[in-house]
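S.K.: I would like to see how this sequence folds:
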Amino acid sequence: MPLRSPTFSGRALGAAVLLFAVSGCAQSSASPGVAVTGPAPATAPAAVVDAETAAVRAFDSVRGDSARLYTFLFALPKGGDLHSHLAGAIYAESYLAWAAEDGLCVARETLTLVAPPCDAAARPAVADVERNSALRDSVVDAFSMRNHKPAVENGHERFFATFGRFGAVSDVRIGEMLAETAARAAQGQVRYLELMHTAGGMSVGSVGAAVGWDDDFGRMRQKLLDAGLRDTLAAISRGMDADEARRDAVLRCGTSTADPGCGVTQRYLYQVLRAFPREMVFAQILAGFELARRDRRFVGLNLVQPEDDQVSMGDYSLHMRIIAFLREMYPEVPVALHAGELAPGLVPPEGLRFHIHEAVGVAGARRIGHGVDVLYENDPDALLRLMAQRRVLVEINLTSSDVILGLTGARHPLRTYLAYRVPVALSTDDEGVSRSEMTLEYRKAVEEQGVDYLTLKAMARNSLEYAFVEGGSLWADYDHLTPVEACREAAGGLEGTSCRVYTAANERARLQASLELDYGAFEARVAAGAWPWSAGLGR
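M.R.: Numbering: from 1, shown residues only. Alright, predicted model coming up:
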């Protein structure tokens, strides 16, 4: 985690002193149990420091009032969302609207979208369901965790059952889905999305199924390439061209009425379905590496589907070895992995002991998602120290960990990661299915984990520093938030000509600079008495 803020002038931020106790309470630097501290730079302008201090005080004044806290956090600038499944990010209401336009039906018995013909008794048209409030409510609940009753139903089973119900529309409305995620991100002050997406559906897996398995990974790779995988990937890129064009049309990008979502940067992690047969999984892992090399929009890969699935568990170490092998051939391609999305009782105790270890130590993951079983792993102290040393970021998904695994409050290891100085960032996972969004994740971090303003700020910065987006960083020294030469105060600061030239050539730095400028403006408004819930702070 970074310790200090940069010494920018003008709209820049002030000095950050990151104090977070393992107990979850912000304390003074003299208090016991403080995990991360950092002194303010001596050269920070007093007015800038005061603006950040004012924001801290404003935040502290509302953290006990959930509604006002939400309004404060909604206006708070945020960085990126690094862990978001495109299909799960869409709200059920959108899926129903698109399904009605496409003439789909709902199978009453399973509450699943199906192709026509429809009939009023067993397969009513979605257009008719939209006019039947009771049935519509049942479908929205079936597509999401809305009205989930933890005392009487298994959250894990309910969550993963949702995806098959709306697949008939989520497979074909990619452009509209990209538009919805971008628009919602912009509303919540999120500027970057790294979306997990199995582009091309099962086209890659089908190549793997046709080729079959080979224990020689090098030979397996060549067989897949020779069997037409390159042509399949070219088709996937063409499909993404069309999907992004549709997104831009929906958002009216380039027009005078463009949606703010047009300003959100979207990149993709190729999503590998790890519960499938190993030859299909190998093909998809290879596709992820190849796409990231060929198409700049694909910035890495991730393995998805329930980590406790029988195939996922049985083939877990095999998958890690496949990734390790291919990383040697594609060293420039970063990997993020779901690892440790497990809880006691979900799998036998020995199943909790090695997933994060192998994701980091074998597969070389630069980020892991969830990581909630870290304290059940073999030698968790050594593992946490290794993650801190290698700067393996953990994507924290508080709502989904709560609804899927029942892990909330002190049962979630966020405070342990902070105590070990492992970098973390908040993310949404499946905001449509979970009925959440980034501001709600921020509020959950505050109310259930005791996270303070400066820690939220550090997490937002982490989400851009550890993103896989292209380009160099704004920071020459991230630990102390020292900017690159072109963006230092002597060169004109963030808004100087040399910094603008640098950020124009480096998308990561551009996103980071915009976050810093927005934080400076936000805190200046708070210091001036323009509270975040006043009309003056809306964007």
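S.K.: all strands for the stretch 1-150 of the chain, in order.
M.R.: Taking DSSP state E, counting those that start in this stretch as the test, the strands found in the stretch 1-150 of the chain are 80-85, 105-107, 112-114.
S.K.: Of these, which is nearest residue 378?
M.R.: strand 80-85 (24.7 Å; Cβ to Cβ). Just so you know, the C-beta spots here come from the backbone N, C-alpha and C atoms, and that holds for glycine as well.
S.K.: On the three-state scheme, residue 302 is what?
M.R.: strand (DSSP: H, G, I helix; E, B strand; the rest coil).
S.K.: hey, what's it bridged with?
M.R.: Using DSSP bridges, the bridge partners assigned to residue 302 are residue 271.
S.K.: Quick check: mean pLDDT of stretch 440-453?
M.R.: Mean pLDDT, stretch 440-453: 98.
S.K.: same check, this time on stretch 518-536
M.R.: The pLDDT scores in stretch 518-536 average 80.
S.K.: what's the answer for stretch 162-175, then?
M.R.: The pLDDT scores in stretch 162-175 average 97.
S.K.: Which stretch among the strands of the stretch 1-150 of the chain is buried most, on average?
M.R.: When the strands of the stretch 1-150 of the chain are scored by mean count of other Cβ atoms under 10 Å, the highest mean neighbour count falls to strand 80-85 (a mean of 28).
S.K.: mind listing what the closest residue to residue 210 other than its chain neighbours touches?
M.R.: Spatially, and ignoring its direct neighbours in sequence, residue 210 is nearest to residue 227 (6.4 Å; Cβ to Cβ, 6 or more residues apart in numbering). Residue 227 is in contact with 207, 210, 211, counting by Cβ atoms under 8 Å, 6 or more residues apart in numbering.
S.K.: correct me, but the last one touches residue 279?
M.R.: When you say that, I think you mean residue 211. Yes. Judged on Cβ atoms under 8 Å, residue 211 makes contact with residue 279 at a distance of 6.4 Å.
S.K.: Quick check: neighbours shared by those two?
M.R.: Shared contacts of residue 211 and residue 279, counting by Cβ under 8 Å, 6+ apart, come down to residue 220.
S.K.: per the record, what domains does this structure have?
M.R.: The record's domain parsing of the chain by automatic domain parsing lists 92-170, 174-465.
S.K.: ok so, going back, secondary structure of the residue nearest to residue 210: a helix, I assume?
M.R.: Yes. Assignment of residue 227 by three-state DSSP places it within a helix.
S.K.: quick one: least confident helix or strand in the protein?
M.R.: The least trusted helix or strand in the chain, going by mean pLDDT, DSSP states H and E, turns out to be helix 46-62, with a mean of 86.
S.K.: Could you give me the buried positions within that helix?
M.R.: The neighbour-count check on helix 46-62 (16 or more other Cβ atoms under 10 Å) flags 48, 49, 51, 52, 53, 54, 55, 56, 58, 59, 62 as buried.
S.K.: Closest to residue 215 out of these?
M.R.: residue 59 (55.9 Å).
S.K.: Could you check how far the nearest residue in space to the closest one that is not next to it in sequence is from residue 283?
M.R.: Residue nearest to residue 59 in three dimensions, not counting chain neighbours: residue 453, with 4.1 Å by Cβ to Cβ, 6+ apart. Distance, residue 453 to residue 283, using Cβ to Cβ, to the nearest Å: 46 Å.
S.K.: Tell me which of the two has more neighbours.
M.R.: residue 283 (29 against 22; other Cβ atoms under 10 Å).
S.K.: Relative to the whole chain's centre, how far out is the helix or strand where that one lies?
M.R.: Per DSSP states H and E, residue 283 falls inside helix 278-294. The offset between the C-alpha centroid of helix 278-294 and the centroid of the whole chain comes to 21 Å, using Cα atoms, centre = their mean, to the nearest Å.
S.K.: now stretch 496-514
M.R.: A distance of 23 Å separates the centroid of the chain from that of stretch 496-514, by Cα atoms, centre = their mean.
S.K.: can you map out the strands along the stretch 351-500 of the chain?
M.R.: Using DSSP E, counting those that start in this stretch, strands in the stretch 351-500 of the chain cover 367-370, 393-396, 424-426, 475-477, 482-483.
S.K.: Okay, now the sheet partners of the last one, with direction.
M.R.: To tie it back to what came earlier, the one meant is strand 482-483. strand 475-477 (antiparallel).
S.K.: Check the average confidence over the strand it pairs with, would you?
M.R.: Strand 475-477 comes out at a mean pLDDT of 98.
S.K.: Now do the buried residues in it.
M.R.: For strand 475-477, the neighbour count (16+ other Cβ under 10 Å) marks residue 475 as buried.
S.K.: do stretch 316-332 as well
M.R.: 316, 319, 320, 322, 323, 324, 325, 326, 327, 330.
S.K.: now swap in stretch 424-434 and tell me
M.R.: Using 16+ other Cβ under 10 Å as the burial criterion, the residues of stretch 424-434 that qualify are 424, 425, 426, 427, 428, 429, 430, 431, 432, 433, 434.
S.K.: Can you tell me which of those is nearest residue 387?
M.R.: The closest of the buried residues of stretch 424-434 to residue 387 turns out to be residue 424 (Cβ to Cβ; 10.2 Å).
S.K.: my read: the closest one touches residue 459, true?
M.R.: Yes. Assessed by Cβ under 8 Å, residue 424 is found in contact with residue 459 at 6.1 Å.
S.K.: those strands in the stretch 201-350 of the chain, which residues are they?
M.R.: Counting by DSSP E, counting those that start in this stretch, the stretch 201-350 of the chain has strands at residues 265-273, 298-304, 336-339.
S.K.: what's the most buried one of these?
M.R.: Neighbour counts (mean count of other Cβ under 10 Å) averaged over each of the strands of the stretch 201-350 of the chain peak at strand 336-339, with a mean of 28.
S.K.: Any regions of the stretch 351-500 of the chain where pLDDT drops low?
M.R.: The stretch 351-500 of the chain contains no residues with pLDDT under 70.
S.K.: Look up how far residue 462 lies from the most centrally placed residue in the chain.
M.R.: Centroid-nearest residue in the chain: residue 83, 2.1 Å away (criterion: Cα atoms, centre = their mean). Distance, residue 83 to residue 462, by Cβ to Cβ: 12 Å.
S.K.: can you list the domains of the chain in CSV and add distance to residue 530?
M.R.: Converted to CSV, the domains of the chain look like this (distance: least, Cβ to Cβ, whole Å):
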stretch, distance to residue 530
domain 92-170, 33
domain 174-465, 16
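S.K.: Comparing those, which comes out most buried?
M.R.: By mean count of other Cβ under 10 Å, the domains of the chain have domain 174-465 as the most buried, with a mean of 20.
S.K.: Just the endpoints, please. Distance across it?
M.R.: One end of domain 174-465 sits 28 Å from the other (Cα to Cα, to the nearest Å).
S.K.: re earlier: would you format the buried residues of stretch 424-434 as JSON lines with distance to residue 113 included?
M.R.: Formatted as JSON lines, the buried residues of stretch 424-434 follow (distance: Cβ to Cβ, whole Å):
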{"residue": "424", "distance to residue 113": "36"}
{"residue": "425", "distance to residue 113": "33"}
{"residue": "426", "distance to residue 113": "31"}
{"residue": "427", "distance to residue 113": "27"}
{"residue": "428", "distance to residue 113": "23"}
{"residue": "429", "distance to residue 113": "22"}
{"residue": "430", "distance to residue 113": "17"}
{"residue": "431", "distance to residue 113": "20"}
{"residue": "432", "distance to residue 113": "15"}
{"residue": "433", "distance to residue 113": "15"}
{"residue": "434", "distance to residue 113": "20"}
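S.K.: Which one of those residues is nearest to residue 397?
M.R.: Residue 397 has its nearest neighbour among the buried residues of stretch 424-434 in residue 429, at 3.9 Å by Cβ to Cβ.
S.K.: Out of the strands of the stretch 351-500 of the chain, the one nearest residue 264 is which?
M.R.: Proximity to residue 264 (Cβ to Cβ) singles out strand 424-426 among these, at 16.6 Å.
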